[in-house]
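Colleague: I would like to see how this sequence folds:
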Amino acid sequence: MIFYDLPLYRPPAEADNIIIQATLGCSHNQCSYCTMYKSKRYTVRPLSEVQREIEALAQANPHANKVFLADGDALALPTQHLALLLRLLKNSFPRLSRVSLYATAQNFLEKSVEELKELREGGLSLSYFGIETGNDELLGKIDKGVNAAQMIEALHRAHEANIKIS
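Modeller: Sure thing, here's the model as predicted:
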(Lines give C-alpha, C1' and ligand atoms only; values in the text may rest on other atoms or scores of the structure.)
Protein backbone atom coordinates (compact mmCIF):
# COMPACT_ATOMS: atom_id res chain seq x y z
CA MET A 1 0.00 0.00 0.00
CA ILE A 2 1.17 3.51 -0.79
CA PHE A 3 0.96 6.21 1.85
CA TYR A 4 1.34 9.72 0.52
CA ASP A 5 2.86 12.51 2.58
CA LEU A 6 -0.03 14.99 2.55
CA PRO A 7 -0.90 17.46 1.32
CA LEU A 8 -0.38 16.04 -2.16
CA TYR A 9 -0.89 18.28 -5.17
CA ARG A 10 -1.02 17.35 -8.82
CA PRO A 11 -2.23 19.14 -11.95
CA PRO A 12 -5.81 18.32 -12.99
CA ALA A 13 -4.53 16.60 -16.15
CA GLU A 14 -2.73 14.07 -13.93
CA ALA A 15 -5.88 12.93 -12.09
CA ASP A 16 -5.95 9.41 -13.55
CA ASN A 17 -2.20 8.89 -13.68
CA ILE A 18 0.23 7.19 -11.32
CA ILE A 19 1.63 9.66 -8.79
CA ILE A 20 5.04 8.98 -7.26
CA GLN A 21 6.37 11.29 -4.54
CA ALA A 22 10.04 11.43 -5.49
CA THR A 23 10.53 14.48 -3.28
CA LEU A 24 8.55 16.13 -0.53
CA GLY A 25 7.82 19.83 -0.56
CA CYS A 26 9.36 22.48 -2.80
CA SER A 27 13.06 23.31 -2.99
CA HIS A 28 12.36 27.06 -3.31
CA ASN A 29 9.23 27.30 -1.12
CA GLN A 30 9.50 31.10 -0.78
CA CYS A 31 6.93 32.38 -3.28
CA SER A 32 4.72 34.78 -1.34
CA TYR A 33 1.49 33.70 -3.05
CA CYS A 34 1.94 29.94 -2.67
CA THR A 35 0.92 27.98 0.41
CA MET A 36 1.05 24.52 -1.15
CA TYR A 37 4.14 23.20 0.64
CA LYS A 38 4.50 25.52 3.64
CA SER A 39 3.86 22.57 5.98
CA LYS A 40 6.73 20.55 4.49
CA ARG A 41 10.48 20.85 4.41
CA TYR A 42 12.02 19.98 1.05
CA THR A 43 13.31 16.41 1.20
CA VAL A 44 14.65 13.96 -1.34
CA ARG A 45 12.97 10.64 -0.66
CA PRO A 46 15.31 7.65 -0.48
CA LEU A 47 15.48 5.88 -3.82
CA SER A 48 14.92 2.50 -2.13
CA GLU A 49 11.55 3.69 -0.73
CA VAL A 50 10.50 5.15 -4.06
CA GLN A 51 11.56 1.97 -5.86
CA ARG A 52 9.36 -0.17 -3.55
CA GLU A 53 6.41 2.11 -4.28
CA ILE A 54 7.05 1.97 -8.03
CA GLU A 55 7.10 -1.83 -7.89
CA ALA A 56 3.85 -1.94 -5.88
CA LEU A 57 2.12 0.55 -8.18
CA ALA A 58 3.31 -1.30 -11.29
CA GLN A 59 1.96 -4.57 -9.94
CA ALA A 60 -1.40 -2.96 -9.12
CA ASN A 61 -1.55 -0.97 -12.39
CA PRO A 62 0.30 -2.99 -15.04
CA HIS A 63 -1.26 -1.07 -17.94
CA ALA A 64 -0.49 2.42 -16.62
CA ASN A 65 1.18 4.63 -19.18
CA LYS A 66 1.57 8.01 -17.46
CA VAL A 67 3.40 8.95 -14.26
CA PHE A 68 3.53 12.26 -12.42
CA LEU A 69 6.55 12.79 -10.16
CA ALA A 70 5.54 14.81 -7.12
CA ASP A 71 6.00 16.94 -4.95
CA GLY A 72 6.69 20.57 -5.78
CA ASP A 73 9.70 20.25 -8.05
CA ALA A 74 11.14 16.80 -8.59
CA LEU A 75 13.43 18.30 -11.25
CA ALA A 76 15.50 19.60 -8.31
CA LEU A 77 16.74 16.03 -7.83
CA PRO A 78 20.35 15.46 -8.83
CA THR A 79 20.44 14.45 -12.50
CA GLN A 80 21.80 10.94 -11.92
CA HIS A 81 19.21 10.27 -9.20
CA LEU A 82 16.39 11.39 -11.50
CA ALA A 83 17.85 9.44 -14.45
CA LEU A 84 17.88 6.27 -12.34
CA LEU A 85 14.31 6.93 -11.24
CA LEU A 86 13.27 7.31 -14.89
CA ARG A 87 14.93 3.97 -15.73
CA LEU A 88 13.06 2.31 -12.88
CA LEU A 89 9.79 3.72 -14.19
CA LYS A 90 10.52 2.61 -17.77
CA ASN A 91 11.38 -0.91 -16.59
CA SER A 92 8.35 -1.15 -14.30
CA PHE A 93 5.72 0.30 -16.65
CA PRO A 94 6.25 -1.22 -20.13
CA ARG A 95 3.55 1.01 -21.66
CA LEU A 96 4.98 4.22 -20.20
CA SER A 97 4.43 7.08 -22.65
CA ARG A 98 4.78 10.14 -20.42
CA VAL A 99 6.55 11.19 -17.24
CA SER A 100 5.73 14.66 -15.97
CA LEU A 101 6.57 16.83 -12.97
CA TYR A 102 6.41 20.31 -11.52
CA ALA A 103 9.57 22.36 -12.03
CA THR A 104 10.87 25.82 -11.28
CA ALA A 105 13.04 28.02 -13.46
CA GLN A 106 15.82 27.40 -10.94
CA ASN A 107 15.56 23.64 -11.56
CA PHE A 108 16.11 24.12 -15.28
CA LEU A 109 18.91 26.63 -14.73
CA GLU A 110 20.76 24.28 -12.37
CA LYS A 111 21.00 21.63 -15.10
CA SER A 112 22.89 21.82 -18.36
CA VAL A 113 21.07 21.30 -21.63
CA GLU A 114 22.97 18.01 -21.93
CA GLU A 115 21.63 16.86 -18.56
CA LEU A 116 18.10 17.87 -19.56
CA LYS A 117 18.46 15.96 -22.84
CA GLU A 118 19.59 12.90 -20.88
CA LEU A 119 16.45 13.17 -18.74
CA ARG A 120 14.29 13.61 -21.83
CA GLU A 121 15.83 10.52 -23.40
CA GLY A 122 15.10 8.72 -20.12
CA GLY A 123 11.42 9.52 -20.45
CA LEU A 124 10.83 12.94 -18.87
CA SER A 125 8.52 14.58 -21.37
CA LEU A 126 6.44 17.28 -19.65
CA SER A 127 7.03 19.92 -17.00
CA TYR A 128 4.39 22.04 -15.32
CA PHE A 129 6.17 25.37 -15.03
CA GLY A 130 4.83 28.32 -13.03
CA ILE A 131 5.65 31.53 -14.87
CA GLU A 132 3.22 33.83 -13.00
CA THR A 133 4.61 36.99 -14.64
CA GLY A 134 7.36 38.31 -16.89
CA ASN A 135 7.65 41.55 -14.95
CA ASP A 136 10.91 41.76 -12.98
CA GLU A 137 9.46 44.04 -10.32
CA LEU A 138 6.56 41.65 -9.65
CA LEU A 139 8.84 38.60 -9.74
CA GLY A 140 10.87 40.25 -6.98
CA LYS A 141 7.79 41.16 -4.95
CA ILE A 142 6.44 37.61 -5.04
CA ASP A 143 9.86 36.14 -4.16
CA LYS A 144 9.92 33.93 -7.23
CA GLY A 145 13.70 33.63 -7.02
CA VAL A 146 14.38 34.49 -10.67
CA ASN A 147 14.03 37.43 -13.02
CA ALA A 148 12.36 37.47 -16.44
CA ALA A 149 15.62 36.82 -18.32
CA GLN A 150 16.30 33.76 -16.18
CA MET A 151 12.74 32.54 -16.72
CA ILE A 152 13.23 32.85 -20.49
CA GLU A 153 16.60 31.04 -20.31
CA ALA A 154 14.99 28.19 -18.35
CA LEU A 155 12.26 27.87 -21.00
CA HIS A 156 14.89 27.89 -23.76
CA ARG A 157 16.72 25.04 -22.04
CA ALA A 158 13.52 23.01 -21.76
CA HIS A 159 12.76 23.64 -25.43
CA GLU A 160 16.29 22.71 -26.51
CA ALA A 161 16.00 19.46 -24.55
CA ASN A 162 12.55 18.79 -26.10
CA ILE A 163 10.80 18.80 -22.72
CA LYS A 164 7.28 20.16 -23.17
CA ILE A 165 6.12 22.94 -20.89
CA SER A 166 2.62 23.44 -19.56
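Colleague: which residues touch the nearest residue to Asn162 once chain neighbours are set aside?
Modeller: Nearest residue to Asn162, sequence neighbours excluded (C-beta to C-beta, 6 or more residues apart in numbering): Arg120, at 5.3 Å. Placement of C-beta: from N, CA and C, glycine included. The contact partners of Arg120, taken as C-beta atoms under 8 Å, 6 or more residues apart in numbering, are 161-163.
Colleague: again, 10 Å this time
Modeller: Residues counted as contacts of Arg120 (C-beta atoms under 10 Å, 6 or more residues apart in numbering) are 86, 99, 158, 160-164.
Colleague: so it sits in a strand?
Modeller: No. Counting by DSSP: H, G, I helix; E, B strand; the rest coil, Arg120 falls outside a strand, being helix.
Colleague: confidence score at it?
Modeller: Arg120 carries a pLDDT score of 98 in this model.
Colleague: cool, and the one 10 residues further on?
Modeller: At Gly130 the predicted local distance difference test score is 88.
Colleague: That one against Cys34, yeah?
Modeller: Yes. Taking contacts as C-beta atoms under 10 Å, Gly130 lies within contact range of Cys34: 8.2 Å.
Colleague: quick one: contacts for the residue nearest the centre of the chain?
Modeller: With distances taken as C-alpha atoms, centre = their mean, the residue of the chain nearest its centroid is Leu101 (3.0 Å). Leu101 sits next to 10-11, 14, 20, 22-23, 67-77, 82, 107, 119, 124-129, 163 when contact means C-beta under 10 Å, 6+ apart.
Colleague: The residues you listed, buried ones only, as a ChimeraX selection?
Modeller: The following ChimeraX line selects those of the contacts of Leu101 that are buried, judged by 16 or more other C-beta atoms under 10 Å:
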select :10,14,20,22,23,67,68,69,70,71,72,73,74,75,76,77,82,107,119,124,125,126,127,128,129,163
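Colleague: And Asp73, how far from Cys34?
Modeller: Using C-beta to C-beta, to the nearest Å, Asp73 is found at 12 Å from Cys34.
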